[in-house]
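Novice: Based on what follows, work out the 3D shape:
(chains A, B, C, D and E, ligands or ions: 4)
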Amino acid sequence: MRALTWASWPAFAVVLVVLPLVFTDPAARLLLILMAMYGMLAMSWNLTLGFAGIFNFAQIGFFGIGAYTTGILVTKTGVEPWLAIPISGVSAVLASLVAFLPVLRLRGIYVGLATYVFSQLCIYLVLGQAGLTGGSNGIVGIPRLTLGDTSLRADGRIGYYYLAAALLFATVVLVRLIVNSTLGKSLLAIRDNETLAVSRGVSRVRQHLIVFMAGAAVAGVAGSFNAFLNGVVSTDIFGFGYLTLLLSMIFLGGSGSVYGPLIGAVVVTLVSDYLRDAGAWRDIVIAALILVVLWIAPKGLAGLSRQALDRWGRPTSARETS
Amino acid sequence: SSSSSTTSTAGAEGGGKVLEIGLLAPLTGPSASDGLGMKQGAELAIKQINDAGGVAGHTFKLNTVDVQGQSNDAVTKGVQTLTDNENVKAVVTGYASTSNFEIDEFAAAEKLYLIGGNTAQTQGIIQKNPAKYPTVWSITPNYDAYGTEPVDLADKWAAEGLWKPRNKTAFIVRSDNPYSESIADGLVKQFTAKGWKIAGQEKVPFGPVNDWGTVMAKIRSADPDFIVNTDYQVANEASFMQQFLQNPTKSLVFLQYGPNQPQFFELMKKQADGVLFNNLAGLVPAENYEPAMKLQQDWKAAYGTDAVDPQGAVTYAEVKLYAEALAKVGDPDDVAGIGAYIGKSDTQQATGRVVFDQATHLAKQGDDFVPLQSFQFQDQKKVLIAPDKYKSGTFRLPPWMK
Amino acid sequence: MILATDEVSKSFGSLKAVDGVSIDVRHGEVFGLAGPNGAGKSTLFNLLTGLPIRPDSGRVLFNGVEIQRRSPRWIAKAGLKRTFQTEAVFESLTVRDNLRVGSAYGSPGRPARWNNARCEAALAAVELGCDPDRPAAGLSLLDRKRLMIACAMVSEPAVLLLDEPAAGLDPADQEALIRLLTTIHAGGTTMVIIEHVLSVLSALASRMAVLDSGRVIVTGRPQDVLADPRVVEAYLGPGAAR
Amino acid sequence: MSGISVILMSTLVLGGLYLLMAAGLTLIWSTLRVFNFGHGALLMFGSYLTWSLLNQAGLPLVVSILGAVLAMALIGAAYEFLLVSPFIKRPGGDMTVMVATLAATMLLQSGAQLIWGPEIKQLPQLGSARIEIAGAVAQGTQLVTIVLAPLLVGVLAYVLKRSSVGLAVRALEQNRDHAQLLGIAPRRVYLAVVMIAVGLATVAGALLGSMQFISPAMGADPLLRAFVVLAFGGAGSLPGTIAGAYAIGLLEAVTTYHFGLSWSPVLVFLAMIVIMLVRPEGLLRSRVRAA
Amino acid sequence: MNALLTVDKVVAGYGRSGVLRGISLTVGPAESLGLLGPNGHGKTTLLRCVSGLHRPTSGTIAFAGRDARGDTPGDLVRRGLVHVPQGSRLFPQLSVEEALRLAGTASGHGKTWRDGIAQVFDVFPRLKERRRQLTGTLSGGERQMAGLGMGLMARPKLLILDEPTLGLSPKVKHELSECLVRVRGEVPAMILVDGDMDLVLDLTDRYHVVLHGDVVHSGDSDTSRTRDEMMSLFLGGTADERN
Ligand SMILES: Nc1ncnc2c1ncn2[C@@H]1O[C@H](COP(=O)(O)OP(=O)(O)OP(=O)(O)O)[C@@H](O)[C@H]1O
Ligand SMILES: Nc1ncnc2c1ncn2[C@@H]1O[C@H](COP(=O)(O)OP(=O)(O)OP(=O)(O)O)[C@@H](O)[C@H]1O
Ligand SMILES: [Mg+2]
Ligand SMILES: [Mg+2]
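Specialist: Ligands and ions are numbered 1, 2, ... in the order given. Below is the predicted model of the structure:
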């Protein structure tokens, strides 16, 4: 198993590099880009939602704040566009400090309520500061990223693809590092039994804050990427649509595993693109898909594939000894 | 592009090639009924064209993209899908986003884009450098008239003695979106210029407004002569009106755009009587205007109602406009040629005579071009009360003022 | 004196759960706590470790430092570790990861890193009979208790507080537990044990206190305390003869 | 003067609507320990059903509402059967149920759009009674809301407080295994609770559909307000919910009157966050917790 | 055979791990059966199967002459099979009185719960003192009493007690065992599992020793056995497990 995981890193990188060479159609490239972006978001959200078990609904807020930071920076100040990406990550982290306040005292669904309201408040803040944010008009005309003289959009968005792929790869590394570290284990410990964890010297607030900020950083960067990709930011980014979309990804893929949300992002993006013209049927199919997966595979698609791997990898012997 | 020209000719000889026409429309979400109208209009036009044997050897197929609740994200994705698709030769819409940012995308991708709504935004984008947008044309004219006409009409009615303002005061309700805001700003300016007093203003958030109670309370305490609500969303306007009628003041009520949608009347029925509204882009419902009557008949045959959706009239005209240009230019890949032809065209559409202003790429506004039609519901009918050229009735005092 | 309380009190509403308790625990000893159900023993442990409650009044001294206002985490890192009356482990972690968490966060200093050698040593010391890489969910009762103790021990605390470690164990397992605790004690760990199974206290404790209704009624050597009529009256009852 | 009466009237109407919505959520939350994200969509569906019974089946309005409540209670049963019970016992089941109910929201909303189309609809006024107090008018459905909402929820709260059914509900919430061993059938209680909650939501939907409009998205806003009510009143208790609903109604009416519709949600949300931080268990909730 | 409870070749487990391996036993209508055995050998699991909380993989269970496999715990309670579970947290937010009342009404004695409570308070005077306290804040002993009291409220034909004296102080345990003697007088049949071997032998007619999910030894409770003999039986099991 261990050998397999080590081999998987370069394999993953190679796949990411080769993919756009196989899919040269710009529409397919766009799908790949979206998968990578949603994958980043879903994986980073899963740190708090899945591993730490915090009902964190502020992630969408961090995504939006990242996007707005970039929008404001590149249209209102003359900040170098590439620099806007890390700055957006930082501003999302700062916002996460505010969103974290309720987590200090609240538990469970109450955290969900408070953090959801945080995202809603972002909308009102944006609308209220119309001078800076364009209000309900949004920020338009965000210039595309360029590398030297070539736009990342050129050649079927190959530039955006590789940027997204690089960010996704970094996210995967980050999430894996966190999950396999003591931090990751302490999160599970807190989720299992908070009192016991605290009496073992784990600080709930500190550990939760760390993952909260880590998740926010990734979401902020993803938001910045989104702003450059679309060239426009508006308050939809804080809306219910993204919330359900990303939750579908996480739980379809499997919230218990590192890669589950990524798998979910790929599947949901494909399905929703395939059903682009289906109007209301698109949501019906996606919702039905989530429910079916929840019914038959509690651990999501990732859990299913793991089971399949296990069965295939070590036939019966494992079960006999247990 | 001589090679593509040959392929299209070859295609024509081989029994006709199918071209796709893109449609951006809010098929789901709060504006879904507008989206449905857009789709119906475009489909009707395409069907008529295909039934007549197509254009220059081509038949059309509609490629609809749902922009959901005008969300920028969905619009972006839709635009990218359509621009990435080689078979899509032109894109039409009633309106897609609230800011029309997609104009830049289509211009950059050199796709033909015919648009209806948010002309202030279109104008803002295009007039900076019209040469950059040879393929983008708006068949809806500048909205400036929205900001002046109601005031001018009110003064006219007063002058004609149809109505006696008590102290020339107006109350203006606006919604927090560019369309409503720019019209409300125009109205405030015009009212003040014409010697009216603004008795009060209220801004509501963009989106569903459920309870107008507190706004009503303010209106009642201001007791104005004229109330304007520029929140164009039909549900909001209907509930505004219903709540107003619970305890009305002696004021004329003008509602921006919403009452044009068939839905408004379906919801309000008798309560609609007396409501004033206007429209720049919908079908001109005048017996003496042939293109409009024809569309009304066709619409009834296709969809069983003669209430032509205003957005449907827009997309119908857009498709027709494109088909005519293609017929002249011949090569669907000569986008620049088609764009240039459209820009110079002068056609009679169901929405009026469409001639484009070269500085803004908007259709020209005026009684001889695309007219601003003012309506009032009277005896449960939508009556055109201005301009005189087309009108079928005259202004009456609304029932709550009698 | 490594751990002491000075007139510590805690009330829940009108109930004085802990009422002016002063005990002192000497370096290296095993100190027993007994008393009827509801006497306030577990509450006293909670007060010592700051979890989840603080004393209303009084002081808690650990190595001469007042800790009654410190955070539970600070107290844990300072070397005061406890177990719980209902045996608690981190169910979704493997047995080994349970220990790693205990090791990484229980020891003073950062960054939080576990000490593999200590984890293995603790694992060996408690003689856990199962695969250390299996999830802790579904362990047998004795193994859960062992794991809970190992998890507290792995950061080599100065004082270990055990809340009814022998409860629910059959005689054979109780003996195994006594052996384990003896070994841990021999390694120099000071222990405070709450226990109703008096054989465990008699076997291990050098001194003990009996609590009743939140107050200490007797303190002393186990054999003296258990013979004290007040203890018989309040705690042991006529069944003590058995 | 008219300001105060307008605010008061708004408070009673808004509070009543929020109450119907939040009471159901509270009930589900306190028994099943899950959060029903689909409550808004259920309200919407109930509203559409009422409309269909009225306009397509031609039933009288009151009968249509009752019919819709019954039909929706059955849908509620299916909802419990398909979305709640399969997941609730799993580890981390609360989150799974929440996601399942989100999926249900998507299903119901899109389903409604397919069945009834995107055009908004409206139910007629419930009765023509009208009162006017110091310039503030309440008529028809508004009056019905003012009276009916507190009545329904009050009766429910009383029944739950006094009866052994109420005890059973609370016992299940606290220790499912042991409650079963006492003879309580959890499935039956859960079913009843979900059906009652959905029924209340349907009533709210019918009232809302008559005061405002019926559209596939109409449930989102009431759901959000119900969130706030729960946070205010403490999610576990009906009396808290009643107080919370009217407190939010009042807050909203006052802030709307003085700061406008754009700012009132912000102020309401901020108030909610402050309350949550200061009194995490809600305004009225006693703070006794298990050791 | 007029047995009240018949357990026949029951196999059960959790997920992949088997716990019960074809265990069989019977309890007569007026009989008290003790189950002894080391920790983790399946006593609780067996009781959970009997009361319908856990589904056996195979085997049959019949109560009062009827197959009980499809019954929910609620059905069984109303038929008189009452299980007081091991180490229950009870209902933390219900008061002692509410919990008792609930136990009476839920088991179908809605009319007579007041009498039931009075009786329970006779058996456990301590509960009467604490009647208004939330069960979540009771001490361990008080909680056991409340659990037992709730069991009695259902007027059982067969009362199943799982480790009632777990974690009790000697005096309380003594008090409780006296209560148990009274409880024994009030219920027709009983299954008692407890760590205190003497208590089990005192209160029962027969006993089984359960090892590895099966009965390995049975006997009459009054035949005196030395503690050492029992210990060796237990140890045998534990030693097996450890290899
Ligand atoms: N959080 C709380 N709120 C209210 N009362 C409490 C709380 N925690 C404990 N109590 C009460 O305080 C008293 C002491 O409880 P504690 O758990 O300390 O007893 P104990 O000595 O550990 O008993 P046992 O041996 O049964 O475990 C009990 O009467 C209990 O009901
Ligand atoms: N919910 C569960 N999931 C997985 N395994 C379990 C579960 N409950 C019990 N087990 C396992 O089943 C076995 C038998 O447990 P059971 O509780 O029936 O034993 P017992 O004889 O009652 O022991 P005790 O004296 O500790 O109560 C143990 O190994 C235990 O770890
Ligand atoms: Mg205790
Ligand atoms: Mg047991």
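
Novice: For E:Asn2, grab the count of nearby residues.
Specialist: Neighbour count of E:Asn2, defined by other Cβ atoms under 10 Å in any protein chain shown: 7. Backbone N, C-alpha and C define where each C-beta goes, glycine included.

Novice: list the contacts for the residue nearest to it when sequence neighbours are not counted?
Specialist: Distances taken as Cβ to Cβ, 6 or more residues apart in numbering or on different chains put E:Pro29 closest to E:Asn2, at 6.7 Å, once the chain neighbours are dropped. Residues near E:Pro29 by Cβ atoms under 8 Å, 6 or more residues apart in numbering or on different chains: E:2-4, E:157, E:188-189.

Novice: tell me the secondary structure for E:Pro29?
Specialist: At E:Pro29 the chain is in coil, as set by DSSP: H, G, I helix; E, B strand; the rest coil.

Novice: Next: A:Leu21.
Specialist: helix.

Novice: again, but for D:Pro86
Specialist: Secondary structure for D:Pro86, judged by three-state DSSP, is helix.

Novice: I'd assumed A:Ile296 was in contact with it.
Specialist: No - counting by Cβ atoms under 8 Å, D:Pro86 stays clear of A:Ile296, with 10.0 Å between them.

Novice: list the contacts for B:Ala45?
Specialist: The neighbourhood of B:Ala45, defined by Cβ under 8 Å, 6+ apart, consists of B:315-320, B:323.

Novice: ah, wrong one, I meant D:Val266
Specialist: Neighbouring residues of D:Val266 by Cβ under 8 Å, 6+ apart: A:121, A:124, A:128.

Novice: let's see 10 Å
Specialist: For D:Val266, the contacting residues are A:120-121, A:123-125, A:127-128, B:205, D:255, D:259, by Cβ atoms under 10 Å, 6 or more residues apart in numbering or on different chains.

Novice: if I look at it, how far off is A:Gly128?
Specialist: 8 Å (Cβ to Cβ, to the nearest Å).

Novice: shared neighbours, those two?
Specialist: A:Leu121.

Novice: Please enumerate the helices of the stretch 1-150 of chain B.
Specialist: Remark: helices assigned in the stretch 1-150 of chain B by DSSP state H, counting those that start in this stretch are B:2-13, B:32-51, B:72-84, B:102-108, B:119-126, B:149-159.

Novice: which residue sits closest to the closest residue to chain B within the stretch 101-250 of chain D, ignoring its sequence neighbours?
Specialist: Among all residues of the stretch 101-250 of chain D, D:Pro118 sits closest to chain B, at 3.0 Å; criterion: Cβ to the nearest Cβ. Distances taken as Cβ to Cβ, 6+ apart place B:Ala32 nearest to D:Pro118, at 3.0 Å, with adjacent residues excluded.

Novice: check contacts around that neighbour.
Specialist: A:279-280, B:25-26, B:66, B:68-69, D:113, D:117-120, D:215-217.

Novice: Can you turn the buried part of these into a ChimeraX selection?
Specialist: Those of the contacts of B:Ala32 that count as buried under 16 or more other Cβ atoms under 10 Å in any protein chain shown are selected in ChimeraX with:
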select /A:279,280 /B:25,26,66,68,69 /D:113,118,119,120,215,216,217
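
Novice: near ligand 1, which residues of chain E show up?
Specialist: Within chain E, the positions lying close to ligand 1 (Cβ under 6 Å from any ligand atom) are E:137-141.

Novice: and which of these is nearest chain B?
Specialist: Using Cβ to the nearest Cβ, these come closest to chain B at E:Thr137, 45.0 Å.

Novice: per-residue confidence averaged over the host helix or strand of A:Ala222?
Specialist: Using DSSP states H and E, A:Ala222 sits within helix A:204-230. Mean per-residue pLDDT for helix A:204-230: 93.

Novice: again, but for stretch D:197-213
Specialist: Computed over stretch D:197-213, the mean pLDDT rounds to 91.

Novice: any idea which residue sits dead centre in chain E?
Specialist: By Cα atoms, centre = their mean, chain E has its centre lying nearest to E:Leu161, at 1.8 Å.

Novice: Can you name the residues that contact the residue in the stretch 51-200 of chain D that ligand 2 sits nearest to?
Specialist: Nearest residue of the stretch 51-200 of chain D to ligand 2 (Cβ to the nearest ligand atom) works out as D:Asp177 at 10.5 Å. The contact partners of D:Asp177, by Cβ under 10 Å, 6+ apart, come to D:186, E:48, E:53-54, E:73, E:83, E:85, E:88-89.
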